[in-house]
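Asks: sequence? don't have it. structure:
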């Protein structure tokens with residue numbers, strides 16, 4: 001643009017000189033002034049002709065508009081004299097329109113190059129997944145920070161839509177040259193593929209992480225639903241293959257989306273994981289039917305209990321959800337009839353700290369729902385017997401004796417209150 005600024009300043013200087021010399025009334029001054037004014041009007045035209053975005057196809061359109069082929073815009077012979085001699089100024093508006101079209105097309109091409117350049121180096125961020133199976137030597141991976149790719153897709157799709165809108169608006173001009181929109185369409189399709197891949201990748205990943213913690217974290221569950229454990233192992237192998245491919249330095253997000261086998265594998269894994277999930281739900285439902293208080297627990301809590309059922313203390317954090325008035329259970333190790341060590345439940349403690357010894361020790365063996373059911377039955381049995389004994393003592397006791405029973409903590413507080421109400425009712429009826 002500097003040559004045009006120089007010419008413009010030169011014209012202004014010449015005009016000022018003509019005025020300063022006081023020769024405006026001379027004929028030569030009038031001719032010179034007209035030429036200067038004409039040349040000044042020609043400056044925007046020259047600026048448009050020097051538009052860097054104008055390509056061969058645009059020059060062809062311009063030649064057709066002028067009705068001549070007798071100039072070469074890239075030749076040294078294409079001078080200002082040529083422009084004036086061929087009366088380019090008569091087609092100034094047409095040239096301005098063609099230059100505008102060329103400039104906007106160039107902006108579209110630059111935008112495409114920028115987007116392609118960005119995706120040429122954009123990878124999925126893959127990091128190592130901490131497995132719940134500490135005995136496994138296999139390394140698993142997962143995708144993280146996927147928001148970056150989502151945001152880039154959204155941004156670039158907006159840019160591409162703007163490009164298409166720009167090109168569509170230019171079609172209304174008679175000088176519009178059919179612009180090859182295939183690169184835009186192809187890029188849009190590729191971005192859609194990346195989005196589809198990412199959606200499926202995250203869907204499968206969520207299910208895989210959830211089930212991986214179950215099947216690799218609990219040998220109990222693997223043994224109780226072995227078919228699903230085997231199917232999960234197959235999915236796990238496929239997942240590892242997909243992650244190994246996506247974490248390569250040579251695999252960009254765009255390249256990964258072009259790999260049809262990857263998307264096919266993810267579809268298959270998603271279907272298989274959904275099937276495993278349904279079987280797992282049925283498995284948990286059976287557990288809840290065997291011990292209905294499990295309905296008070298979430299799936300995650302129940303799975304934690306089942307997975308660690310060999311350790312009875314794993315139940316303690318969830319006791320208050322299942323038994324409103326039991327805060328803790330006491331476990332002790334005793335010798336059974338065979339002389340072997342056996343863990344048993346011996347006492348239950350309320351949230352207020354009141355302890356009630358179970359009249360019959362409950363062996364902690366078999367599945368967790370079985371011994372929890374045994375504890376529930378023994379709880380009822382113990383409280384029932386305590387209430388009967390307390391009722392007998394209270395019915396025959398006077399006030400001082402009742403106070404002695406209360407202060408002596410011979411019976412649970414609720415049993416004493418209930419027995420006292422029974423005695424009061426009986427006394428009222430006499």
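Replies: Cool, got the structure. Everything numeric here is computed off the predicted structure, so don't read it as measured data.

Asks: what about stretch 288-304, average pLDDT?
Replies: Mean pLDDT, computed over stretch 288-304, is 93.

Asks: for it, list every residue counted as buried.
Replies: Of the residues in stretch 288-304, 291, 293-294, 297, 302-304 count as buried by neighbour count, 16 or more other Cβ atoms under 10 Å. All C-beta atoms are positioned from the backbone trio N, CA, C, and that covers glycine.

Asks: measure the nearest residue to residue 301 once chain neighbours are set aside to residue 354 for me?
Replies: Leaving aside its chain neighbours, residue 301 sits nearest to residue 318 (5.4 Å; criterion: Cβ to Cβ, 6 or more residues apart in numbering). Relative to residue 354, residue 318 is positioned 20 Å away (Cβ to Cβ, to the nearest Å).

Asks: quick one: which of these two has more around it?
Replies: Higher neighbour count among residue 318 and residue 354: residue 318, with 18 against 14, using other Cβ atoms under 10 Å.

Asks: I figured that one hits residue 298, correct?
Replies: No. Using Cβ atoms under 8 Å, residue 318 is not in contact with residue 298, being 9.5 Å away.

Asks: follow-up on the earlier one: show me which of the buried residues of stretch 288-304 is closest to residue 324.
Replies: Of all the buried residues of stretch 288-304, the one with the least separation from residue 324 (Cβ to Cβ) is residue 293, at 10.3 Å.

Asks: contacting residues around that closest one?
Replies: Residue 293 makes contacts with 322-323, 372, 376, as judged by Cβ atoms under 8 Å, 6 or more residues apart in numbering.

Asks: where are the low-confidence patches of the stretch 201-350 of the chain?
Replies: The stretch 201-350 of the chain contains no residues with pLDDT under 70.

Asks: average pLDDT for the helix or strand hosting residue 34, rounded please.
Replies: Here residue 34 sits within helix 27-49, counting by DSSP states H and E. Mean pLDDT, helix 27-49: 73.

Asks: tell me which helix or strand comes right after that helix.
Replies: Counting by DSSP H and E, what follows helix 27-49 is helix 56-66.

Asks: what residues does that next one touch?
Replies: So helix 56-66 is contacted by 69, 71, 73, 86, 88, 91, 94-95, 98-99, 101-102, 175, 177 (Cβ under 8 Å, 6+ apart).

Asks: and that helix, how far out from the chain's middle?
Replies: Computed by Cα atoms, centre = their mean, to the nearest Å, the chain-centroid distance of helix 56-66 equals 51 Å.

Asks: what's downstream of that helix, the next helix or strand?
Replies: Using DSSP H and E, the helix or strand that follows helix 56-66 towards the C-terminus is helix 80-85.

Asks: now, which of the contacts of residue 293 sits nearest residue 406?
Replies: residue 323 (24.9 Å).

Asks: pop out the phi and psi values for the closest one.
Replies: phi -120, psi 110 (degrees, to the nearest 10).

Asks: having no further points to raise, I will conclude here.
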